[in-house]
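**Q** Dropping the sequence and predicted coords here.
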Amino acid sequence: MKSYLGGRVSAFTDNKNADASVILINIENSEQIKSVSWNEILEVILVKDTQKGQIQFANAWNEKPVKMLQWYKEDESIRFEIWYQVKGTEWTFKNKYIISNTDMKAFEQIHKYNLEIMSNLKKDFSDEVLNGTSFLTRD
């Protein structure tokens with residue numbers, strides 16, 4: 001089954017905020033991961049001797065379970081596994097995504113672009129709120 005990487009920038013105008021995320025996609029499912037978590041994953045993946053790792057990318061919320069992402073370096077790709085846990089139960093496998101090293105490299109520029117858009121939106125929101133005041137706008 002073919003897996004894909006996607007990206008999204010979401011603007012929440014009511015609270016003047018913006019967020020960027022990475023989306024793992026295959027025919028069966030998709031998972032959205034905040035860019036903060038994705039950047040933490042990439043930092044460890046880029047370490048040459050590291051072959052596997054994991055990160056919790058979603059806390060339990062209302063009826064939604066805790067979600068964890070595990071990754072494994074394979075010959076020419078990285079295998080991502082999504083696991084979830086409902087309170088009081090064992091971890092349960094949900095889905096896997098296999099992304100080639102070539103696709104990961106190609107997605108790097110898209111991800112950087114999305115982060116730049118997010119940063120600019122946050123600055124625009126801040127400038128709009130603070131325009132005409134004696135406060136400095138944030139970076």
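**A** Arrived safely, thanks for sending.
**Q** Would you indicate which residues of the helix or strand bottoming out on mean pLDDT in the chain are buried?
**A** One helix or strand of the chain scores below all others by mean pLDDT, DSSP states H and E: helix 101-130, with a mean of 87. Of the residues in helix 101-130, 107, 111, 114-115, 118, 121-122, 125-126 count as buried by neighbour count, 16 or more other Cβ atoms under 10 Å. Bear in mind the C-beta positions are built from the backbone N, C-alpha and C, glycine included.
**Q** What is it packed up against?
**A** Other helices and strands packing on helix 101-130, by 3 or more Cβ pairs under 8 Å, 6 or more residues apart in numbering; DSSP states H and E, are strand 4-12, strand 17-25, helix 35-45, strand 77-85.
**Q** can you do 6 Å?
**A** If you count contacts as 3 or more Cβ pairs under 6 Å, 6 or more residues apart in numbering; DSSP states H and E, helix 101-130 packs onto strand 4-12, strand 17-25.
**Q** Looking at these, which one is packed in the most?
**A** The highest mean neighbour count among the helices and strands packed on helix 101-130, using mean count of other Cβ atoms under 10 Å, belongs to strand 17-25: a mean of 18.
**Q** which stretches of the protein aren't confidently modelled?
**A** The chain contains residues with pLDDT under 70 at 127-139.
**Q** Compute the distance between the residue most central in space within it and residue 21, please.
**A** Taking Cα atoms, centre = their mean, the centroid of the chain lies closest to residue 33, which sits 2.9 Å from it. As judged by Cβ to Cβ, to the nearest Å, residue 33 and residue 21 stand 6 Å apart.
**Q** cool, and residue 39?
**A** In terms of Cβ to Cβ, residue 39 sits 11 Å off from residue 21.
**Q** What strand or helix carries residue 90?
**A** For residue 90, there is no enclosing helix or strand under DSSP states H and E.
**Q** In JSON lines: the helices and strands packed on helix 101-130, plus distance to residue 101.
**A** JSON lines is the format used below for the helices and strands packed on helix 101-130 (distance: least, Cβ to Cβ, whole Å):
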{"stretch": "strand 4-12", "distance to residue 101": "12"}
{"stretch": "strand 17-25", "distance to residue 101": "15"}
